[in-house]
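Visitor: This is the structure alone, sequence omitted:
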């Protein structure tokens, strides 16, 4: 099997490395030798052993009938989308790690792949090395998946971990993450939750079998999380994580990204640092969790290579056959239910009496932060909460609370 | 697709229930309706809706050309092995949850399945609902798996969790586990590690591609773990878990089952209660973990049904094609390396001096247990440890320590 790699950046060079280091093992599993014939990149890499494989013109790859698999690891929506579409139309299978591409054009590209009887696989686009897409598609097939909750962004999880365990503040940990290479110079996509949003859109599409538009997913990042919030989390025996969730509500699906307070017993509570994890609840299976490196050159490349092996093992057989072009209308956030932790400032006695009257059986929390206190509401819909909260200009911050599992 | 279920016990009735409750969903994934035609059991179940499907004679199933899949959930080696072999020889695929059968006859049965171009799948035999076998076989195919460490027995994990968190003693928690139905009247297979041993044999076979004889695996249960051991674990900031491990050592594989001290940072540290989890280290992927219900009617049945769906989806295609009949010679335990926690009683000053001389840079531990102290050795082979320990009749107990990951 001859393949072409589009993009010789971090993931692309990782794919070449994994195929090289584990060559024999991979050939024995694929029952075929897998050989990189071309690497597409605008740059040259003099001295690198792939230099002789470098091409600058995609047409060479497209028109070479020997190429059975195109590996797209360039990132970004264009020209990746055009390249992938053309490869599929030419009857070549495609493997990608590109979440932006899959979230935006996954449904259409899967349709093209089906029409051409080739595969379009994207395990590495969600959770890096964690084999969650294949688990959902080929392993948890006896279950209705009722809920997925994931820590899907390593940068923000690293930041939240340091804020929680070391009491560091947001700006401080962001600077440090940038220095360590865990956060980019422009961290917007990570800290605003956009990266996690695209990944949960892909997961929601897979469990619903329909197209979920990531632009319709409620997304709240971690930029407003403070050291005081972490003090409240500790007072409650909880941790704050940026959770990307989708769950069945009233016969449809809700999807959202937001910081959420987790109980110490929740399987995601102790997922720390740059690690990612995906919690899955099936109606028969119960609770399960998948944990691993969510990013990084080799873990991501490992997932890309596993997809390449899957394509070779499944020639002529459609693997990702459970995601149609039909669009899913997501449940309105205001109808979903949760508990809410509210931090509030003002005349404590008067406020507590009003809060008890308005919110019902709340649990008051003292976190040792001067001049304020907190309370956890009973379970209510987001709509109800917002309605009630309107009457309290004294509210400083609200963070959602995951109910005990 | 018409199937037959052998055994209408806990798992068998679970399989019927999962197929019933999720019928539509499963048919859409399998692209075919899956129908239970026969249930083999010695008993009758008057009033149960499967009563009309009950047969007492296996020949009826074997001779019915409509039956494409035989689901063996009877447990035990015989007659399960004979039934499964005959089904495969008759060209029917087989799905089983039977770890005793797979550990003992897996290689031979897989060979028969290959010869007949049918599948023999056994996801539910390891880790209940956790899809670890398919992950190793179809997802982590770009990696050399360097190490697997699993909490593979829910009964003992429940017991160890209670001993750790509540200071309860072994006899007390065993009695309670029996009362709750988490432990059987004869708990030997669980508490002596035999159940975990069969499961790690299956995992070792899958990652090596060779037959691993479970009778050659070093197996130590939890019967000698005391409340004092737990006090030492706490003093070290660690937890004790019954770990089933296999790892590459000197070009071959070591496999063993024993109680092991885990650091708080280890992904398995916080796997509590009846949950199971499997930690996997790949040479490219790095660390990953799979977590879920290791037993129970519906989680186990969920894994069995997922295998049934996989058989339907992969007709004519060999899924478990990476386990030959060739026998693997396991690495001798004496050559594997670890740190060791040793509890010892005697003249403290004199002992400490001798220990320092004999064991090198040890870490002494005070756990507040009267008349004794502990020490953690540097990394050494089991052979070296045993040799040195011979000179110390004062040693009360030794527990292995997992190095930091």
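Guide: Alright, I've got the coordinates. Just so it is clear, the model here is predicted, and its values are computed rather than measured.

Visitor: Pretty sure residue A:308 sits against residue A:34.
Guide: Yes. Counting by CB atoms under 8 Å, residue A:308 does reach residue A:34; the two are 6.2 Å apart. Using the backbone N, CA and C atoms, a C-beta is placed for each residue, glycine as well.

Visitor: tell me which element the residue in the stretch 301-405 of chain A that chain B sits nearest to is part of?
Guide: Nearest to chain B in the stretch 301-405 of chain A, going by CB to the nearest CB, is residue A:305, at a distance of 3.2 Å. Secondary structure from DSSP states H and E places residue A:305 in helix A:297-313.

Visitor: After that helix, which helix or strand is next?
Guide: strand A:337-345.

Visitor: what sits up against the helix or strand encompassing residue A:148?
Guide: Element membership for residue A:148 (DSSP H and E) is strand A:145-151. With CB atoms under 8 Å, 6 or more residues apart in numbering or on different chains as the test, strand A:145-151 has contacts from A:127, A:132, A:136, A:157, A:196, A:199-200, A:203-204, A:207, A:241-248, A:268, A:271, A:275-283, A:294, A:402.

Visitor: which helices and strands does the helix holding residue A:305 pack with?
Guide: The contact analysis (3 or more CB pairs under 8 Å, 6 or more residues apart in numbering or on different chains; DSSP states H and E) places helix A:297-313 against helix A:10-21, helix A:23-30, strand A:67-72, strand A:93-96, strand A:120-121.

Visitor: how much does that helix deviate in direction from helix A:23-30?
Guide: 40 degrees (axes from the mean of the first three to the mean of the last three CA atoms, to 10 degrees).

Visitor: Tell me the spacing between the residue lying closest to residue A:169 once chain neighbours are set aside and chain B.
Guide: Excluding its sequence neighbours, the residue lying closest to residue A:169 (CB to CB, 6 or more residues apart in numbering or on different chains) is residue A:227, at 5.0 Å. Using CB to the nearest CB, to the nearest Å, residue A:227 is found at 23 Å from chain B.

Visitor: Then residue A:165?
Guide: For residue A:165 relative to chain B (CB to the nearest CB), the value is 11 Å.

Visitor: What is the burial count for that residue?
Guide: 13 (other CB atoms under 10 Å in any protein chain shown).

Visitor: mind checking the SS state of it?
Guide: helix (DSSP: H, G, I helix; E, B strand; the rest coil).

Visitor: what helix or strand is the nearest residue to it once chain neighbours are set aside on?
Guide: Setting aside the residues directly before and after it, residue A:165 is nearest to residue A:272 in space (CB to CB, 6+ apart), at 7.8 Å. According to DSSP H and E, residue A:272 maps onto no helix or strand at all.

Visitor: phi, psi of residue A:272?
Guide: With angles defined as degrees, to the nearest 10, residue A:272 sits at phi -120, psi 170.

Visitor: for chain A, what spans make up the helices?
Guide: Using DSSP state H, the helices assigned to chain A run over residues A:10-21, A:23-30, A:58-62, A:80-89, A:99-115, A:132-134, A:154-166, A:170-180, A:188-191, A:194-208, A:227-235, A:297-313, A:348-359, A:382-389.

Visitor: And those: which comes nearest residue A:328?
Guide: Ranking the helices of chain A by proximity to residue A:328 (CB to CB) places helix A:194-208 first, at 5.2 Å.

Visitor: Let me know the angle separating that closest one from helix A:99-115.
Guide: Going by the same axes, to 10 degrees, helix A:194-208 makes 30 degrees with helix A:99-115.

Visitor: Which other helices and strands does helix A:194-208 contact?
Guide: Using 3+ CB pairs under 8 Å, 6+ apart, helix A:194-208 sits against helix A:99-115, helix A:132-134, strand A:145-151, strand A:218-219, strand A:238-249, strand A:252-263.

Visitor: Quick check: mean pLDDT of stretch A:336-351?
Guide: Stretch A:336-351 carries an average pLDDT of 95.

Visitor: Endpoints of that stretch, how far apart?
Guide: 26 Å (CA to CA, to the nearest Å).

Visitor: got the buried residues for that stretch?
Guide: In terms of neighbour count (16 or more other CB atoms under 10 Å in any protein chain shown), stretch A:336-351 has its buried residues at A:336, A:338-344, A:351.

Visitor: For the stretch 301-405 of chain A, what lies in contact range of chain B?
Guide: A:301-306, A:308-310, A:313-314, A:317, A:321-322 (CB under 8 Å from any CB of the partner chain).

Visitor: Tell me the one of these nearest residue A:232?
Guide: Of those, the one sitting nearest to residue A:232 (CB to CB) turns out to be residue A:303, at 36.5 Å.

Visitor: In contact with the closest one, which residues are there?
Guide: A:97, A:123-124, A:128-131, B:142, B:285.

Visitor: Closest one to residue B:90 out of those residues, please.
Guide: Nearest member of the contacts of residue A:303 to residue B:90, counting by CB to CB, is residue A:131, at 33.9 Å.

Visitor: Once you drop chain neighbours, what's closest to the closest one?
Guide: Looking at residue A:131 with CB to CB, 6+ apart, the closest residue is residue B:139, at 3.4 Å.

Visitor: For that neighbour, list the residues it contacts.
Guide: Contacts of residue B:139 by CB under 8 Å, 6+ apart are A:123, A:131, A:134-135, A:306.

Visitor: Just the buried subset of the residues you listed, written out for PyMOL, thanks.
Guide: Applying 16+ other CB under 10 Å to those, the buried members can be selected in PyMOL as follows:
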select buried, chain A and resi 123+131+134+135+306
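
Visitor: Quick one: name the residues of the stretch 51-200 of chain A near chain B.
Guide: So far as CB under 8 Å from any CB goes, the stretch 51-200 of chain A lies against chain B at A:123, A:129-131, A:134-135, A:138-144.

Visitor: hmm, which two among those are most spread apart?
Guide: Maximum distance among those (CB to CB): 26.7 Å, for A:129 and A:144.

Visitor: more neighbours, the two?
Guide: Ranked by neighbour count (other CB under 10 Å), residue A:129 and residue A:144 place residue A:129 first, with 31 against 17.

Visitor: For the more buried one, give its distance to residue B:2.
Guide: 39 Å (CB to CB, to the nearest Å).

Visitor: now residue A:343
Guide: 60 Å.
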